[in-house]
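Enquirer: Sequence below, structure please.
(one chain, ligands or ions: 1)
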Amino acid sequence: MAGRLAGKVAIITGTGSGMGRSAALMFAREGAKVVGCDINPAAGGTADDVRATGGEMVSLQPVDLSGAEGAERLVAFALEHYGRIDVVYNNAAMAYFAFVAEMDYATFNRTQIEEVDIIFHLCRAAWPHLVAAGGGSIINTASTAAKKGSRGQGMLAHSAAKGAVTAMTRQYACEGGQYGIRANTISPGMIRSAQTEPLMKQQGWTERAVSRQLLQRIGEPEEVAATALFLASDESSFITGTDIAVDGGTMAN
Ligand SMILES: NC(=O)c1ccc[n+]([C@@H]2O[C@H](COP(=O)([O-])OP(=O)(O)OC[C@H]3O[C@@H](n4cnc5c(N)ncnc54)[C@H](O)[C@@H]3O)[C@@H](O)[C@H]2O)c1
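Expert: Here you go, the predicted structure:
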């Protein structure tokens with residue numbers, strides 16, 4: 001298949017919904033062999049949809065990527081199907097919110113496991129195979145929360161986690177350069193997804209979120225997936241160790 005990702009094997013995590021599902025559909029349209037996965041056992045529908053439109057995708061679910069065993073199982077699954085790995089798009093994560101006075105250690109720690117450890121384990125399992133392939137692209141999902149606090153939302157654990165994701169990614173880039181491995185983060189702003197839908201139903205929440213955006217609207221999962229596609233492709237061959245905000249201008253405001 002021709003396309004911007006022709007011949008590349010791309011692991012995308014959390015393909016059951018939101019940005020991960022959008023990326024799976026988009027990467028496959030551009031010729032990638034997609035390896036999807038999700039903790040949700042019902043997430044296999046994305047692979048069915050990709051194949052129905054002539055794309056190539058296999059998917060592993062349920063798999064919990066917040067531990068080493070799940071990450072290793074996913075890498076083995078990718079190698080078993082396609083024999084190599086070129087792209088690791090760490091999209092899956094789960095955030096837990098509470099204001100400072102209510103944030104207990106269990107919730108704080110759980111957020112680090114499901115937002116930071118989740119990236120460590122998959123990068124650790126995939127790294128030797130990226131080296132063996134002569135390089136590749138790691139795309140980690142951070143957030144505007146890595147650089148910006150919030151008076152209206154209890155982001156203590158989430159901000160700490162996404163800040164760690166940007167810091168870790170710089171280090172993957174530093175150590176990966178010699179092997180041709182590029183590593184970058186994407187920092188989404190407010191994007192329509194399963195995680196933000198309950199918030200959008202709260203009185204006045206969307207209006208407040210939109211008022212901080214230069215483009216005056218909520219972002220769509222496809223707009224993040226398009227950035228991941230660019231970072232996965234050779235079009236970004238001289239880009240590593242950086243962060244791209246996909247936030248409607250929130251960080252500039
Ligand atoms: N939606 C936003 O506004 C927003 C903003 C900034 C950053 N992000 C980040 O974008 C990424 C995608 O979020 P989304 O909004 O599309 O969420 P989502 O809930 O729609 O999708 C995340 C997917 O990952 C899966 N997943 C979660 N934990 C997992 C685990 N331990 N193992 C395997 N699969 C797991 C979920 O089942 C789900 O299908 C996350 O890293 C999130 O922190 C989202």
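
Enquirer: Quick check: residues of the stretch 51-200 of the chain near the ligand?
Expert: By CB under 6 Å from any ligand atom, the part of the stretch 51-200 of the chain that sits against the ligand consists of 63-66, 91-95, 114, 118, 141, 143, 188, 190-191, 193-196. In short, each C-beta sits where N, CA and C put it, glycine included.

Enquirer: Buried ones from the residues you listed, can you make that a ChimeraX selection?
Expert: The buried residues among those can be selected in ChimeraX (16 or more other CB atoms under 10 Å) with this line:
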select :63,65,66,91,92,93,95,114,118,141,143,188,190,191,193,196
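
Enquirer: In helices, which of the residues of the stretch 51-200 of the chain next to the ligand fall?
Expert: residue 118 (DSSP state H).

Enquirer: if I look at the spatially closest residue to residue 44 that is not a sequence neighbour, how far off is the ligand?
Expert: Closest residue to residue 44 apart from its sequence neighbours, by CB to CB, 6 or more residues apart in numbering: residue 59 at 5.2 Å. When CB to the nearest ligand atom, to the nearest Å is the yardstick, residue 59 and the ligand sit 11 Å from each other.

Enquirer: From what I see, residue 59 and residue 49 are in contact.
Expert: No: contact criterion CB atoms under 8 Å: residue 59 and residue 49 do not qualify, at 10.6 Å.

Enquirer: A strand includes the residue nearest to residue 44, no?
Expert: Yes: under DSSP: H, G, I helix; E, B strand; the rest coil, residue 59 falls within a strand.

Enquirer: need the strands for the stretch 51-200 of the chain, in chain order.
Expert: All strands of the stretch 51-200 of the chain, identified by DSSP state E, counting those that start in this stretch, fall at 56-60, 87-90, 136-141, 181-188.

Enquirer: what helices or strands is the longest one leaning on?
Expert: In this case it means strand 181-188. helix 118-132, strand 136-141, helix 156-176, helix 221-232, strand 243-246 (3 or more CB pairs under 8 Å, 6 or more residues apart in numbering; DSSP states H and E).
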